[in-house]
Structure formats: structure tokens, C-alpha cells
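>>> here is a sequence together with a model predicted from it:
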Amino acid sequence: MVASKTATPRHRDDREVFAGTGEPVGRPRRRDDRKVAWLFLAPVLVGFALFYAYPTVLGVYYSLTDYGMLAAPNLVGAENYRDLVDDDKFWNALEVTGYYVVLNIVSQTVLALALATLMHRLTQSVAIRAMLLVPWLVPNVTVGLLWMWMLDANIGFVNHVLRAVGLGTTGFLTSPTWAMPTVAGINTWAYTGYTALLLYAGMLQIPRYLYESASLDGAGEWRMFTRITLPLLRPVLALVLVVSLIGSFQIFDTIAVTTKGGPVGATRVIYFYIYEQAFTNFRMGYASAIAVVLALLLGVLTAVQMRLLRASRSDLA
Amino acid sequence: MRSTRRRVGALLLGLALTVPLAACGSGGDGAGGATTLDYWLWDDRQLPAYQECADAFHAANPDITVKISQTAWAQYWQNLTTQLASGDAPDVWTNQSTYYPQFASQNQLLDVEPLVQRDRVDLSAYQPGLSEVWVKDGKRYGLPKDWDTMALVVNTGLLGKQGVDPAQLENLTWNPADGGTFEQVVAKATVDTSGRNGLDPAFDKNNVAVYGFLPEWADGANGQNGWAVFAAANGFTYLDKNPWGTRYKYDDPKLAETISWFKRLIDKGYAPRLDKQSSVANSELLIAGKGAMSIAGSWTILTFTDEKVKQEFAFKPVPAGPSGRRSSINGLSDAIWAGSEHPEQAWKWVKFLGSADCQDRVAQRAVVFPAITSASQKVDAAHQAQGRDVHAFTEAAKKDTFLLPVTEHGTELNPIVQDAIQSVVLGDAQAADALKEANNKVNALFK
């Protein structure tokens, strides 16, 4: 909102400059503008073409081939896609990824909302904000290793405490029941602070007077949260949800470090399966087909999510 | 002015782009016909020995320099394949039997058979059975460099406390019905948190301090570090033909019996449950005193005998089953990349790696058993001089060994078979059913 207010007069200034060069007022030299725009966009566009567009096209092409890295790819039509339908490891991967996404997004969003609200209503402390970011700053591999050691069934600190209070040993990362919730827990720990900061920044956009008048009218904190904070936070929340949905589907490093897809495929998520097919079995074509399906799936999910949350419209206007 | 600046800018940009590209080009030939060979291996413990070989080789052939790159096992094959795909692979690399078939079938390996014939390389100098692994359809894809066998690694201190005499462990028997004398020892070596061992009627299997045996379940399709020696002792063979079989036999009841016995061992509390198992390697748990016995490969000898290790370990022969005492034997080779620009020099290096000259140097450090029989005996001597008893490994190599499977689709089998076996020991499936299903999936890969 603020940005659009300042943009208008600036544009008017541009026209005055053009007017000074003898151009008719009100007919800016649009073509020149575009040339300059292209020039400034060029570096980004080159990067985009080289590192996004080209690999995407190539990936779709590979998905129609038997490419195995060592020999030239041969076109095999839709064979990889047909194989996918019968591949129970693929379906299992989708299923466990879905399970992870639900666990992770729910826990992360609820916790982050709670943290952001507490910060918004109680404190402006920079120290607390900084502390929240610390887990997010630790590299994922380190996070995975730290938790793997702490949660180890035999020599881990957490199980030591559990045994001491008589709860027995839990194989957090080695039991098929616990492995996925544990991985989700680890990533929730790592990302909640970051998500909370995004939401907190969104909450700062909400005018203070709304809370003041609400509290004058006798509204409690919960009512203010459900009637003011949540509705006005919707665009930010939508962004956060889309980003964390895509991010959750991309879960890989924590699993590569802690469980390697085990036990019995309980954490063999879609990215790990793509990795196995591509870099352990060298079935690049097949791995590309899975990646294409995943990309389509994410596209659909994102569109649905944006629509549901009416992301682009803010109730603040 | 502006155009000059632009030109300078373009020039700098051009330089910035081309310099790294030039640096990427294959390991350069120096002036005057000098050659640099790239050589890859994964074991950091072996690096010093092979560096010594490379130096000796350079001294004898001053125009050839060998540049060794060591990458950890976890990234080794991925890096190698990426390099092969980009057409810039090492001239020579250390190969392994599960991984090499896919390189051979994709024409990435140089057939050295004509060179072996030409230079009359004496293949009989190698440990029997090792050199044939690297032959497919009359083509030879490398010379053997070392071998490994398996043994029982035992914590003699912990066993001694339970009154087990180490001498008893030389001739352990095992069968899938009652586990034989081996299971008796495992039971005795298992101790609960109150200090009662597994034979005590009051033994508390839910609060175990030391497990008698630590099995390995993340062991792919060959079970080298866990179930394979037991399955083989029970009469199981992986394949219709090894190397280069095309029909696996994971549905063999002999294997199902073996895995079911392991499940019972776990149920009795003598081995950790998979769902409550540590993520830490068995060797680390043994060293931490959390287990009394496990299966170990000869490449881990120095891990257990290291001065920093506080526990006392000994290596004993694997238990003998209904089909005898069986250890796997597995070898590595040195292979030449088919795309190498210096095949003749690479062959010279491979020949040197496989010669007594280099293998004796490797032997002195006693890290692995070299493929040449005479060098291997020197390793034995080197271990004895240090007071390390490694007879379990050397005796195992002498008879009744079995080869790990060498076939196409080697890496694709791993998750299929591993998942099936894990689901059995977790109690989620019956051994016969799960293994039959896995076997069907495995054999479908060969259709």
C-alpha cells in the first residue's frame, strides 16, 4: 500500500523529464523504457534460462528416455510414467511424504503462530527474535547429526533420561512408527523460529489502533487473535503456507543424515527416492519422471492453496 | 569512452567465464611427454600405502606422475559416475564387485585381457578366485588388488566376566533351530541392567545393558556384515550362477530359516530390537562396550585393535552351520577408464598396483590383505609382530568361501532385499512371504 502511494508521483516526474526533451507530454517513450528494462533484467533472465528453464526442459525430456548418465539417452515414450503407476515404492514415497507434510506444516504453523503472537503482544525484544533464528542458522546436516546423537536408542541423552524416569527405550529414528514424527519434530525445531519471524513481520503491518479499539470494546486476547490477527494476517499466512508446503515436499537432507529412508521405507520420502534412483541406481530417466510428477503435483497444490486463502487480496485495504 | 569501458567489461567477463573452464580440462600433460594419471580410491586408511606405491612408481617411471584422490565411500560412486557422464573420469580407479557390472555393461572400462596376454601377467599369483570376478564374456575389467573375509569379533573382557573361555570360541556351531553352541555363548554374553546374564531365569530382556550379539540390518542385498555367513552356513546361495547369474534365490527356505532365527534371538533379548536399535555403527557400539560380539570384515582389524580402544577384542572364526563354516570373500580391483587418454601408462600403473612390489608395501602397513598370496602372508606376519591374532580371517580365506553376488542391477537390489529382511526382524512380516515377494521383484529386474 505504502509503496504504491510513493510510486505514482515518481512516475509523474519521469514524464516531466521526457517533456523537457521535447517529447509530447503524456506520451512517454514506452519503447525505450522496455529496452532499458530488458537490459537490467538480462542478467537475471540469463540465470533463469540457464539454471531453471533449460534444466526443466531437459528434465522433462530425460523423463521420456532411458538416460542412465553413462550412455546417450534413448527415447522410450511414456514407459517411465507407466512404470511409476506399478511402482509401490513410488506410491509409498508419496504417502510418507504426505504424512510428513501434514505433521510438519501443522506443528510448525501452530507453533510459529503462537510464538509470533506472543512476541507481537508481549515483547519487541531483538534478543528473543535473534534467538528464534539460531536453529534456522545451523546447517541441516549438523541439525540432523545433533539430533541423531541426542535421540540415539543406546547412547543418546534423551533415551538416557527416559530410562532414568522408567519410560524405557524408544528408537526415535529406528522404529517405523516413530521415525517420521521424529524427523518432522527435528525440522519443526529447525524452522519454527524462522516461520514465526515471517508471521511476526506480517503482524507488524496490522494497525495498532485496531487492537486498542478492540480492547476498549472489551475484547479479550483470544478474540483479538481470531477476529483481528488471523484475518488480517491471511496474505502473509498464505505465503508462509505455500513456501512451507513446497519446502516440506523437498525434505531430504535431514533424512539423508538420520534414517536414509529407513526403517523399511518409513521415511523414504519422494526426494530421497528420486535421489536413490538417480544417483544410486543411475536411472536418471526414471528419476526425472518422478520429478516431473512431483512438480505437477506441487503446482496443483499451490494453486488450490492460493485460491483457498485468496492470497492476493488483503482485508486491510 | 563508454564503449571502451564496455569492451573492457566484456573482456573481463569473458576471462572470468573461460578461466574456470580451462581449469576444468582434464589433468594436464606437462611439457616433454610427461603424463599425469588420476587415480581414485575411497579408503583413507589405505591412502598412505598407495601414495608410497605412487612415489615408487614415479621413481621408476619419471615421466609418469600419479595423482591420487580419495573420496569417502558414501560419495565415491556418485562422484565417479558424474565424472564419467561428463567425460572427465579418473584414468584408473578402485572398483568394487557390486558396482562394477554397470560400468562394464556401459563400456566405461578398458578390457585389459589383451594386455594381460601380451605382458604375460601371472594371474596364478593372486588369491584363488579373485581374478575371475573381473571377467565378463571373455573381457577382463581389472586386476585384483586385495581381498577381505569375515570373522566373529568378540569382546574378550566382557565374555571373560561371564565365564566364557576364548578357546571355546574357536569351534562354535550354529543351526537355525536352536542356534547351537553359538546361541549359548550369545545368551551368556547378554547381561541385563541387574547383572544377570541371558541364561539366568530371572534375566530381564527389557532392560539389557550388554547385548550378546549385534546384528547388522542395513546390509543391502548381500548381508556381508550380518546374515550372509549364517545363511551360507545353512546352505543358502544367492544366485543360479555367480558371477553373472540372472536368477536370484532369496526365496530359498534356508535364508528364511536364518532370518527367522535372528528374529527369535531378538525376541529373547539377546540382540537389540531393530525399532529400538542405535543409529550408531556396530563397531562403535562394540568399542563402547554395549555389545559382546558381532560379525566384522578384515578391513576393520585396525579399528578394533587401535591403541585408543579400551576394550579387548579378539577375532574368531564364524560359527559352523549345517553346511560348514562359510565366510564371504570379496575383492577389489583397479580398473582403467575406457576413455583414458593414456591407456598404456594407465596399464603400466595398474600392473604395478597388482605387482608384488606395490602389494608388499601395502602389506607392511597391514591395513588390508593384498591380492597377491605372497604379500598376504606378509600381512599376517606384520600382524603377528604387533601381537594381533588375525588367523580367523586368513584361515577363512583358505576354504569354503563364497563370493558376494556380482550381477547387473547390483545397487537396485539393495533396498528391495533390505526392506524385506527388516520387515521380518521388526515382526511385520513372515520371513518366507516377505523374501518370496522380494525375490520376485528382484528377478523382475532381469526380465
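Perfect, I can see it now.
>>> C-alpha from now on. contacts and neighbour counts both.
OK.
>>> tell me the contacts of B:Trp93?
Contact partners of B:Trp93, counting by C-alpha atoms under 8 Å, 6 or more residues apart in numbering or on different chains, are B:Tyr39, B:Trp40, B:Leu41, B:Asp334, B:Ala335, B:Ile336, B:Trp337.
>>> same deal with B:Thr65?
By C-alpha under 8 Å, 6+ apart, the neighbours of B:Thr65 are B:Ala34, B:Thr35, B:Thr36, B:Leu37, B:Ala54, B:His58.
>>> what of A:Ile155?
By C-alpha under 8 Å, 6+ apart, the residues touching A:Ile155 are A:Trp149, B:Ser278.
>>> secondary structure element for it?
Take DSSP states H and E as the rule and A:Ile155 turns out to sit in neither a helix nor a strand.
>>> which pair in the contacts of B:Thr65 spans the largest distance?
Spatially, the most separated pair among the contacts of B:Thr65 is B:Ala34 and B:Ala54, at 15.1 Å (C-alpha to C-alpha).
>>> in the strand or helix carrying B:His58, what's buried?
When secondary structure is defined by DSSP H and E, B:His58 falls within helix B:47-60. For helix B:47-60, burial by neighbour count (16 or more other C-alpha atoms under 10 Å in any protein chain shown) applies to B:Leu47, B:Ala49, B:Tyr50, B:Cys53, B:Ala54, B:Ala56, B:Phe57.
>>> wait, doesn't the first one sit right on B:Ala72?
In this case it means B:Leu47. No. The criterion here is C-alpha atoms under 8 Å, and B:Leu47 misses it with B:Ala72 at 11.4 Å.
>>> show me the domain layout of the chain.
Looking at chain A here, since you left the chain open. As assigned by automatic domain parsing, chain A contains the domains A:1-62, A:80-309.
>>> actually it's chain B I care about, not the one you picked
According to automatic domain parsing, the ranges for chain B are B:31-146+B:332-385, B:150-330+B:389-444.
>>> reformat those as TSV; add distance to A:Asn80.
Below are the domains of chain B laid out as TSV (distance: least, C-alpha to C-alpha, whole Å):
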stretch	distance to A:Asn80
domain B:31-146+B:332-385	20
domain B:150-330+B:389-444	16
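>>> now for those, which one comes closest to A:Leu145?
Taking C-alpha to C-alpha, domain B:150-330+B:389-444 is the member of these nearest to A:Leu145, at 10.5 Å.
>>> the closest one vs chain A: in contact?
Yes. Domain B:150-330+B:389-444 is in contact with chain A by C-alpha under 8 Å from any C-alpha of the partner chain, via B:207, B:274-280, B:409, B:411-412, B:418-420, B:422-423.
>>> for that domain, what does the pLDDT average out to?
For domain B:150-330+B:389-444, mean pLDDT rounds to 93.
>>> can you measure across it, start residue to end residue?
Start to finish, the residues bounding domain B:150-330+B:389-444 are 31 Å apart (C-alpha to C-alpha, to the nearest Å).
>>> where does the stretch 151-300 of chain A have low pLDDT?
Within the stretch 151-300 of chain A, no stretch has pLDDT under 70.
>>> residue numbers of it in contact with chain B?
Within the stretch 151-300 of chain A, the residues that sit near chain B (C-alpha under 8 Å from any C-alpha) are A:152-155, A:168-176, A:258, A:263-265, A:279-281.
>>> now go through those residues and say which are in helices.
If you go by DSSP state H, those have A:Thr258 in helices.
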